[in-house]
Each structure stands twice: as C-alpha cells, then as structure tokens.
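Asks: Have a look at this fold, sequence not included:
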Ligand code: ADP
Ligand code: MG
C-alpha cells in the first residue's frame, strides 16, 4: 500500500509538471500559429507545406489542451449539475462526428434529474473523451448506448457501451499509460486524463472489453 501511495504521489507530481509545461508552451504556440496564418496571405500562398505545418501546430495544441487537464484546479470549484443535462449537451456536441461515422447514440436515463457536485467542464471533457473513443472504435458504424443510473443513495453510474472493435488485452494493459495510442491521429492522453479527473472527483472508472464485440466503460461518481 505504501508503494502504491508513493507511486500515485509521483504520478500526480508528473501530472502537475506536464500541465505546467503545457501551460508555458501554449502561449508561444498560439502566437506562432497566429503569425504563421498571417504569412499565408503573401509569401506562403499555395505552398504545399503550409497545410502540413498548420496541422502539426494544431496537433501540438490538442496535446497541450489534454495535458492541461492534468492540472488539479487550485480549488475544485464544485457546482451542482444535472447529469442528464450535461450528457445531453455533450451528445449534441458529438452529434456531427457520430453521424459522419454512422454511429447511433442511444440514451438510457433512469431519471430526468440527477444532480451531482462537480467541475462541470472537466466532467464534460471526460464524457466527450469516452464518446469520442467509442465512435472511433466503430469504423463501420454502430451503436453507442449512454446509460445513466443511480446506485443506491451514494453513487451514480454512467456507462458508455459500444459495439466497436474492442480492446485487445495487450492494449488494455497499456491503457492509462500516457501517449499510448493505436490511432494514427491519436494522442494517447484521453483515457489517462479522464481517469485522473474522475479520481479527483472521488469516482472510479472500469473497463470491460471483448475484441470485435465492443467495450463498456463504467464510471461512478459520488452523489
Ligand atoms: P487516443 O484516443 O488518442 O488513442 P486514448 O487514451 O483515448 O487515446 O485511448 C487509448 C487507446 O485505447 C486508443 O488508441 C484505443 O486503442 C483504445 N481504446 C480506448 N477506448 C476504446 C474503445 N471504446 N474501443 C476500442 N478501443 C479503445
Ligand atoms: Mg481518445
């Protein structure tokens, strides 16, 4: 237990450091991007490398924004939020990507009002990450069930159940390790950051997955 404690302490220092560096790099990157885009109008117009450079800058921005989520807010600003509304908001946000991939999102909410205290934007980000992973796992379309239920008087359970490619055991072992991705355009940060956010909220994340069948991500949060 002592060892685990030390390890989680080290991980949280590493997370803070990563977020701190991300914060420092973000401003210069934003300025490089801005001035680079200004250049396009004259010298770089129609240069084939322009798009590559811009998309690489945007890739850095994606990685930075995910790393920034690792910073524990100085003071967690917990607000009472209706999870049904939060999930519906996220679903609207992800609708275009789901449609484009022929993924049908189905909600199964036990009630219409389920309030928890949380950092709203962080929990939104977590839901976006899991939905995005599910959509990306269903290359030929499929079904994603998003279920919300109360577990006793103390917990809520949110499940994301997809019928996508599933996670092979060698990938499952590495899930949660920073930068581990099987995707060409992946960052390998989404899962780790999401798990960290849920744990900061004193919740849990569990995965059940079968190759070629699908994946179920369950997260609990205290009421
Ligand atoms: P990224 O999405 O950028 O690759 P993540 O940390 O979100 O990074 O996920 C890491 C890896 O876990 C993915 O590359 C993928 O192989 C696997 N994975 C995560 N969620 C799912 C899912 N629902 N179905 C299949 N594989 C998944
Ligand atoms: Mg992801």
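Replies: It's in. Keep in mind that what you see is a predicted model, and the values were worked out from it rather than measured. Residues are numbered from 1 along each chain as shown. Ligands and ions are numbered 1, 2, ... in the order given.
Asks: who does the helix or strand bottoming out on mean pLDDT in the chain touch, helix- and strand-wise?
Replies: The helix or strand of the chain with the poorest confidence is helix 2-40; it has a mean of 80 (mean pLDDT, DSSP states H and E). Applying 3 or more Cβ pairs under 8 Å, 6 or more residues apart in numbering; DSSP states H and E, one finds that helix 2-40 contacts helix 48-68. (Each C-beta comes from the backbone N, C-alpha and C, glycine too.)
Asks: burial measure for residue 217, as a count.
Replies: 22 (other Cβ atoms under 10 Å).
Asks: what's the spacing between the residue nearest to it when sequence neighbours are not counted and ligand 2?
Replies: Among residues not flanking residue 217 along the chain, residue 160 sits closest, at 4.6 Å (Cβ to Cβ, 6 or more residues apart in numbering). Note on residue 160: its distance to ligand 2, by Cβ to the ion, to the nearest Å, is 12 Å.
Asks: ok, now which ones touch the spatially most central residue of the chain?
Replies: The structure's the chain has its C-alpha centroid closest to residue 129; by Cα atoms, centre = their mean the separation is 2.7 Å. Contacts for residue 129 (Cβ atoms under 8 Å, 6 or more residues apart in numbering) come out as 190, 191, 193, 194.
Asks: Dump those into JSON lines; add pLDDT and secondary structure as well.
Replies: Formatted as JSON lines, the contacts of residue 129 follow (pLDDT from 0 to 100; DSSP: H, G, I helix; E, B strand; the rest coil):
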{"residue": "190", "pLDDT": "93", "secondary structure": "helix"}
{"residue": "191", "pLDDT": "95", "secondary structure": "helix"}
{"residue": "193", "pLDDT": "91", "secondary structure": "helix"}
{"residue": "194", "pLDDT": "94", "secondary structure": "helix"}
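Asks: JSON lines please, covering the residues you listed and showing distance to residue 40 and neighbour count.
Replies: Shown next, in JSON lines, are the contacts of residue 129 (distance: Cβ to Cβ, whole Å; neighbours: other Cβ atoms under 10 Å):
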{"residue": "190", "distance to residue 40": "31", "neighbour count": "21"}
{"residue": "191", "distance to residue 40": "35", "neighbour count": "22"}
{"residue": "193", "distance to residue 40": "32", "neighbour count": "25"}
{"residue": "194", "distance to residue 40": "35", "neighbour count": "25"}
